[in-house]
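Engineer: I'll drop the sequence and a predicted model, then ask my questions.
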Amino acid sequence: MHSSLRRVRRRLLRWPTPVLAALALALVPAGPGFPATGPDRQAAADTGEAAEVHGLKGEYYTHSAPGVFDFHELKATAYDPSLDFDNLEPRITARTGQADSVSVRWTGGITPEAGGAHTFHVSADNGFRLWVDGDVVIDHWVDDWDNEQTSQPVTLEAGRTYDLKVEYFENYGGSNFHLRWTPPGGGKEAVPQSAFSLPEGFDYNGPTEVAVQPDGRTLTLDFAQPLAAPPAAFDEHLQTVIGGAEWPRSAAALDPGDPSRLVVPLDEPVVGQGGSADVRYDGQGGLTGADGTDVGEFWTSGRNGSEYQLRTEWADEVDPDRPLPEYPRPQLTRKDWRSLNGTWQFAGAEEGERPPFDRRLDEKIVVPYPVESELSGVQRHEERMWYKRTFTVPRDWRVGKWGERLQLNFDAVDWKADVWLNGRKVASHKGGYDRFSADVTEALRPWGRQELVVGVYDPTDSADGENPPMGKQRLSPSGIWYTSSSGIWQSVWMEPVPRQHVEDLDITADVAGEQAVVEVRGVRDGLPVTATAYDGRRPVGTATGRTGEALTVPVPDPRLWSPDDPHLYDLKVKVGRGHSADRVRGYFGMRTVGVETVDGQRRMMLNGAPVFSMATLDQGFWPEGIHTAPTDEALKYDLDMHKEMGFNSVRKHIKVEPDRWFYHADRLGLLVWQDMPSMNTKTPSDSARVQFEHELKEMVEQHDSHPSVVMWVTFNEGWGQYDQARIADYAKELDPTRLVNNMSGHNCCGAVDGGNGDISDAHGYPSAQLPAPDGTRALVSGEYGGLGLGIPGHAWPVRHSYVGVDRAAYTEEYLIKLAEIERFAACNGSSGAVYTQITDVEGELNGLLTYDRKIVKPDVERIRAAHEALVEGAADGTLTCDAS
Ligand SMILES: [Ca+2]
Ligand SMILES: [Ca+2]
Ligand SMILES: [Ca+2]
Ligand SMILES: [Ca+2]
């Protein structure tokens, strides 16, 4: 989200004042006609002259033979507004009649705004060369792809027009072309349309500028000449494709306030997240100028200036004074607690800055939504920041009396947090996904307001950063990398605790022994402890003993936990005596998980029977909250939809959710594959490795009592990989009761399979792959599918518009891919599959649900029936290779 804001800000900085005024007007759509937005329209309005046409002449040729990259036969001459094409296939195909073996020559002028040394960059699929002012500055007539070339600096005078020539060939497969420059004092960017001019003698009377307006519901086409009102037939000859999707719209009409502008109302809003609008007219719709001259065919494109934000329905339910008010730690509850979520003071910070004890911070932020998110109210990235608020301690908590202490809990702060209470440092913590707590009793004032200050440092993937586990967060998101989440992103809260208090209840089901093994962590050894298990209100077993030793609580004739019957037992634990005793509650499920040989194949087992783990890839991103679900109901909704669609499992992909997510999975009955968040894809340094292993340990220890969690996935596709086998052994050592998957997608992208653990995991798109049997591990397809379907109004306008599936055929295509999974289960002993993915995420449009969760793409009944047949057939042995 912040990336588009940044873009707007840059533009504001560069433009002269009259344009700023025009832009400010443009941000507030007024009446039927929108004011002009570009510098040239401003100039045109001032002088009364026709606007200059910016763009280049493109000549499209076919090759004399495949592999001969020549300019053999000229097929079409066309106007192109700029050279920033993510996908040239539609243009190439339409203009030459073929998708491959094509060359294009673009000619015209280039006029820099600033004088001085300009550096040019070209990246394309496939070869290219570039001339400026008659000199070759880049020559890469090579059959490779996306191999960016950079020119020597070229000195250009401001405002002077130079000859520009660009040649390009497409051999076969995909095709794209990007001409970028680094102007003096500026950053690298696509050469803007405004810098180009048409060569002498090339006539073009189509739109000179195309834009999606800030409201996201209006597309404007500006012409250099006034137009006659378009006839009714015009619309049948006009195509509008935004972010790669044919956009639903109403009829184009002349702007009543500006006769050289066509206004196209869009039926669904375009989300303000990059992408471009393509408009194409075949010249046959009777569009003419006011003077009756025909407007010829055109195919041009322009920017998406929308500021419309995608939101889920839960965004409106967030109370900024009381966000996420539910109890944050369901497996270790105490009677008293208070949320510190809500509106805090906020400011960006510099390295080494003194904590703001004695000053008010200028901004406000809604905790616990990450600073980049819309719900935080800040909506920009900060690498360093201050948070500040005050609170009072409820008097009935009796903190300070009878040994009662006050504990502050931070459920997740990405990535390094320092905490001060009343000017005294009470905590320092590294790790973006785990809870940390501080006993702040000694720092409390005797009465009144307590001043809490939190300083955060979150480098994400910055070049000189420390490379923390970050999952999919990136400072420059694109493609499979998304907007970062920085700072506090899970609940902050406080509770009174006895001096000797439980920090963790480790509960392990011993199904064969008909008991639960309970270990109380955080208190000194030798204190009396009592633990009682309940089935509903009925006590089923009690154990007493001393801390420091495991208690075995009888659970006779246990009702087993499974996705079909996610039965939970409650647990009450009392540690210590009298006033100073700590009384907590938790819960557990009785189940076993393992890998065993069945009919000669290594299979994943649940409660002693083979199980087929049918999951989605679940990344847990939200359009308005990024890493933080807007509400608890929203957090639960994605899991509800798994059940609704017949999945029995979920792979939580390189992110660790709040405890409540696991609680929902425990109660709904889903088998969780929990990924460790990956570091950046580069090779990690020694210190990054130490921190990665520390955070892995924290993740396992915080979530190792949830019956839903069945598997730890330590690496994904080689990202940040090192010592794969040792790390898998370490995870197993931390938690011997669960499966370990050392490398999800060890067939992909340079990943190295550690060769150990319980699971062997291959990725394939769109068809699944399954690893060959190795005699020790169960086999799974850890990612597959990824069928793309963009739903206008509910998706980002992606620049890489891989939209693979027609909406009408979506369910059918899904089931075809699922049939391949069923065959792996029937014929190859597969134990599981992970469909990519449960929701669209930012520019990825391959979700079963849209990013705003408002549209469910498949026929839910049909896919549920298919998943259930697969899971049941694999469990009861009726799924056989002959039958499938
Ligand atoms: Ca190609
Ligand atoms: Ca091609
Ligand atoms: Ca972050
Ligand atoms: Ca634990």
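Structural biologist: Nice, thanks for sending it over. Numbering: from 1, shown residues only. Ligands and ions are numbered 1, 2, ... in the order given.
Engineer: which residues sit in contact with Ser301?
Structural biologist: Applying CB atoms under 8 Å, 6 or more residues apart in numbering to Ser301 gives the contacts 81-82, 210, 276-279. Heads up, the C-betas are built off the backbone N, CA and C, glycines and all.
Engineer: What is the nearest of those residues to Glu268?
Structural biologist: Ala277 (13.2 Å; CB to CB).
Engineer: which non-adjacent residue is nearest the closest one?
Structural biologist: Ile242 (4.7 Å; CB to CB, 6 or more residues apart in numbering).
Engineer: Do I have it right that that neighbour meets Asp278?
Structural biologist: Yes - applying CB atoms under 8 Å, one finds Ile242 in contact with Asp278, separated by 7.3 Å.
Engineer: Quick check: beta-bridge partners of the residue nearest to the spatial centre of the chain?
Structural biologist: With distances taken as CA atoms, centre = their mean, Tyr482 lies nearest the centre of the chain, 4.1 Å away. As for beta bridges, Tyr482 partners with Gln473 under DSSP bridges.
Engineer: Could you tell me what pLDDT the model assigned to it?
Structural biologist: Per-residue pLDDT puts Tyr482 at 91.
Engineer: Out of the contacts of Ser301, which one has the lowest pLDDT?
Structural biologist: Ser276 (87).
Engineer: can you pull the contacts of it?
Structural biologist: 84, 242-243, 301-304, 797, 799.
Engineer: again, only this time at 10 Å
Structural biologist: 81-82, 84-86, 210-212, 241-244, 301-304, 797, 799, 801 (CB atoms under 10 Å, 6 or more residues apart in numbering).
Engineer: near ligand 1 too, which of those?
Structural biologist: By CB under 5 Å from the ion, no member of the contacts of Ser276 lies near ligand 1.
Engineer: what about Ile242 and Asp278, which has more around it?
Structural biologist: Ile242 (27 against 22; other CB atoms under 10 Å).
Engineer: Report the beta-bridge partners for the more buried one.
Structural biologist: Ala245, Ala277.
Engineer: Now for it: which residues touch it?
Structural biologist: With CB under 10 Å, 6+ apart, Ile242 has these contacts: 212, 216, 219, 249, 266, 268, 270-271, 275-279, 301, 304, 306, 790, 792, 797, 801.
Engineer: ok, now Asp774?
Structural biologist: 602, 753, 755, 760.
Engineer: Repeat that for Asn304.
Structural biologist: Asn304 touches 4, 210-213, 216, 219, 242-243, 270-277, 796-797, 799, counting by CB under 10 Å, 6+ apart.
Engineer: what are the bridge partners for it, then?
Structural biologist: Val212.
Engineer: hmm, back to that, pick the one among the contacts of Asp774 closest to ligand 2.
Structural biologist: Asp753 (34.4 Å; CB to the ion).
Engineer: returning to that earlier point: among the contacts of Ile242, name the buried ones.
Structural biologist: 212, 216, 219, 249, 266, 268, 270-271, 275-279, 301, 304, 306, 790, 792, 797, 801 (16 or more other CB atoms under 10 Å).
Engineer: Show me where the stretch 701-850 of the chain dips below the pLDDT cut-off.
Structural biologist: Low-confidence segments of the stretch 701-850 of the chain, defined by pLDDT under 70: 799-803.
Engineer: what about the helices in it?
Structural biologist: Using DSSP state H, counting those that start in this stretch, the helices assigned to the stretch 701-850 of the chain run over residues 724-734, 810-827.
Engineer: what's the nearest residue to Gly115 if we skip its chain neighbours?
Structural biologist: Gly115's closest residue in space is Ala158 (CB to CB, 6+ apart), at 3.8 Å.
Engineer: surely the one you found meets Gly185?
Structural biologist: No - contact criterion CB atoms under 10 Å: Ala158 and Gly185 do not qualify, at 11.9 Å.
Engineer: And these two? Which one has more around it.
Structural biologist: Ala158 (12 against 7).
Engineer: Let me see the contact set for the more buried one.
Structural biologist: Contacts of Ala158 by CB under 10 Å, 6+ apart are 111-116, 183-184.
Engineer: ok, how many other residues are close to the nearest residue to Leu606 once chain neighbours are set aside?
Structural biologist: Distances taken as CB to CB, 6+ apart place Val593 nearest to Leu606, at 5.7 Å, with adjacent residues excluded. By other CB under 10 Å, the residues close to Val593 number 21.
Engineer: what's the answer for Tyr663, then?
Structural biologist: Neighbours around Tyr663, by other CB under 10 Å: 24.
Engineer: How about Asp418?
Structural biologist: Neighbours around Asp418, by other CB under 10 Å: 16.
Engineer: thought it was touching Lys425?
Structural biologist: Yes - under the criterion of CB under 10 Å, Asp418 makes contact with Lys425 at 6.8 Å.
Engineer: list residues touching both of those two?
Structural biologist: Contacts common to Asp418 and Lys425, judged by CB under 10 Å, 6+ apart, are 355, 453, 455.
Engineer: Same list (these) but as CSV, adding distance to Gly342 and neighbour count.
Structural biologist: As requested, the shared contacts of Asp418 and Lys425 are exported to CSV (distance: CB to CB, whole Å; neighbours: other CB atoms under 10 Å):
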residue, distance to Gly342, neighbour count
Pro355, 21, 17
Val453, 16, 22
Gly455, 19, 23
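Engineer: give me every residue that touches the residue nearest to Gly832 when sequence neighbours are not counted.
Structural biologist: Nearest residue to Gly832, sequence neighbours excluded (CB to CB, 6+ apart): Ser613, at 3.4 Å. Counting by CB under 10 Å, 6+ apart, Ser613 touches 563, 593, 604, 606, 647-651, 670-673, 710-711, 739, 759, 778, 780, 830-834, 871, 874.
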